[in-house]
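Trainee: 3D, please:
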Amino acid sequence: MHHAPHRPRVLLLTTPATYRAEAFLAAAQRLGVEVVLAVDLPPDLAAQWQTPLGIDFTDLEAATAAIVAYARRHPLSAILPVDDAGVELAASACAALGLPFNAPAAASAARDKYRMRQLLQAGNVPIPRFALHTTAEDPRVVAAQTRFPCVVKPLRLSGSRGVIRADDAAQFVAAVERLTRLLNSVEPGAHPKAYLVEDFVPGCEVALEGLLDAGELHVLALFDKPDPLDGPFFEETIYVTPSRLPAATQAAIAGCAAAAARALGLRHGPLHAELRVNARGPWLIEVAGRSIGGLCSQTLRFGTDASLEEVILRQACGLPLPPLTLAGEARGVMMIPIPEAGILKGVHGLDAARRVPGISAVEITARCNYPLVPLPEGDSYLGFIFARAATPAEAEAALREAHAQLRFEIRPNITLLGPGAG
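Mentor: Numbering: from 1, shown residues only. Next comes the predicted model:
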């Protein structure tokens, strides 16, 4: 029998590269919730991170056993993944401990884009036409069976990594070759890698942030993405909330996201969905059983001043929730795109960017003297710009103006050869 501790104790599943842990730790401190970090690391490196639990998230069985053993000595109220990497492990460990979370099958479906598409199709959720292929097939043969424009995408990478639009057979072959190189670098080994080919869905894109409670979806925020995301790569830049779409369209988007959660079997905790909207209504592009990535959650405040992480922790620990209405003014965030590959040498114009009216913060997260990798191979940003204004349009304008003040000094990445080379 599982007994929750008197003071809630939450196990946070995180990765060394995450942007998200700090916000959860700050929220836990506010709530008086004890947080234990489990980091996706080989156990021998865990000591450097001062975490009692360094576990390999990909070894579900061993990782679940490690968490269950830990929970016997230190009872847990909840297990929360902060990024995609921890979603399946959280479901597996919660199932083993009898804690509320999504069923393991639902969690794994939300991590595998092909399984997700199959379930969404079975649940009559509007999605683009899709087909599964592998890198062992001749891309010219696949191109002949494909209608254009299409999008080529990996099954498990997140943040638009490896997602490439192709408008004809030649672009398709190049896209598949590029994706194959990326997949082979992420997961070395000769075996063929699966990928999806989907119809390109025109229209504007939105991101929905929600909280599932016993299968019911509460929409926390709907973000417009005012930049056209037409490819060839799908770099996310600006998110602004509240949405400027008509109320009926917003209701249809919420209905589509709720139908997607039902189709996948997601019933509990945070939900993040990406949708496209055109004359035929909303189309579901992605859905994940986790909250929004990067530092984007900093744009959201609920009730008097609760953060998104506080809302998620409160639900996980069975604490009362604040009013789930967004507090105050319009807010926006810009994920600063990486313009080119190279070594970041300096960032200029920060003071000018921070002085732009409506800008609340500019945070550069990329480190100087480190290599930058743009999309589609990369998986990070130069940093984040945050705005608050009376209207969404003003928040968007402030973000664009602040970004225009910044200049990034990037030098070509030339590998120096050691003595005797050549």
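
Trainee: contacting residues around the residue nearest the centre of the chain?
Mentor: Nearest to the geometric centre of the chain sits residue 293, at 4.1 Å (Cα atoms, centre = their mean). Residue 293 makes contacts with 19, 20, 83, 158, 159, 272, as judged by Cβ atoms under 8 Å, 6 or more residues apart in numbering. Yep, even glycine has a C-beta here, placed from its N, CA and C like the rest.

Trainee: I'd guess it is in a helix, am I close?
Mentor: No. Using DSSP: H, G, I helix; E, B strand; the rest coil, the assignment for residue 293 is coil, not a helix.

Trainee: Dihedrals phi and psi, it?
Mentor: Phi and psi for residue 293, reported as degrees, to the nearest 10, are phi -90, psi -180.

Trainee: so how far is residue 92 from it?
Mentor: Remark: distance between residue 293 and residue 92 (Cβ to Cβ, to the nearest Å) = 22 Å.

Trainee: what about the stretch 51-200 of the chain, any weak spots by pLDDT?
Mentor: Residues of the stretch 51-200 of the chain meeting the criterion pLDDT under 70: none.

Trainee: Show me the strands in it, by range?
Mentor: Applying DSSP state E, counting those that start in this stretch to the stretch 51-200 of the chain gives strands spanning 53-55, 78-81, 130-134, 150-154, 164-166, 194-199.

Trainee: between those strands, which gets nearest to residue 347?
Mentor: In terms of Cβ to Cβ, the element of these nearest to residue 347 is strand 164-166, at 28.6 Å.

Trainee: Give me the contacts around that closest one.
Mentor: Outside strand 164-166, the residues that reach it (Cβ under 8 Å, 6+ apart) are 148-153, 171-172, 174-175, 178-179, 200, 230-234, 376.

Trainee: burial measure for the closest residue to residue 176 other than its chain neighbours, as a count.
Mentor: Among residues not flanking residue 176 along the chain, residue 139 sits closest, at 4.0 Å (Cβ to Cβ, 6 or more residues apart in numbering). Neighbour count of residue 139, defined by other Cβ atoms under 10 Å: 22.

Trainee: ok, residue 139 to residue 172 distance?
Mentor: Distance check for residue 139 against residue 172: by Cβ to Cβ, it reads 6 Å.

Trainee: Equivalent analysis for residue 222, please.
Mentor: 33 Å.

Trainee: for residue 238, same thing?
Mentor: 29 Å.

Trainee: quick one: terminal-to-terminal distance for stretch 317-325?
Mentor: Start-to-end span of stretch 317-325 (Cα to Cα, to the nearest Å) is 20 Å.

Trainee: Identify all contacting residues around it.
Mentor: Applying Cβ under 8 Å, 6+ apart, the external contacts of stretch 317-325 come out as 8, 10, 31, 33, 77-78, 211, 218, 220, 302-304, 306, 310-311, 313-315.
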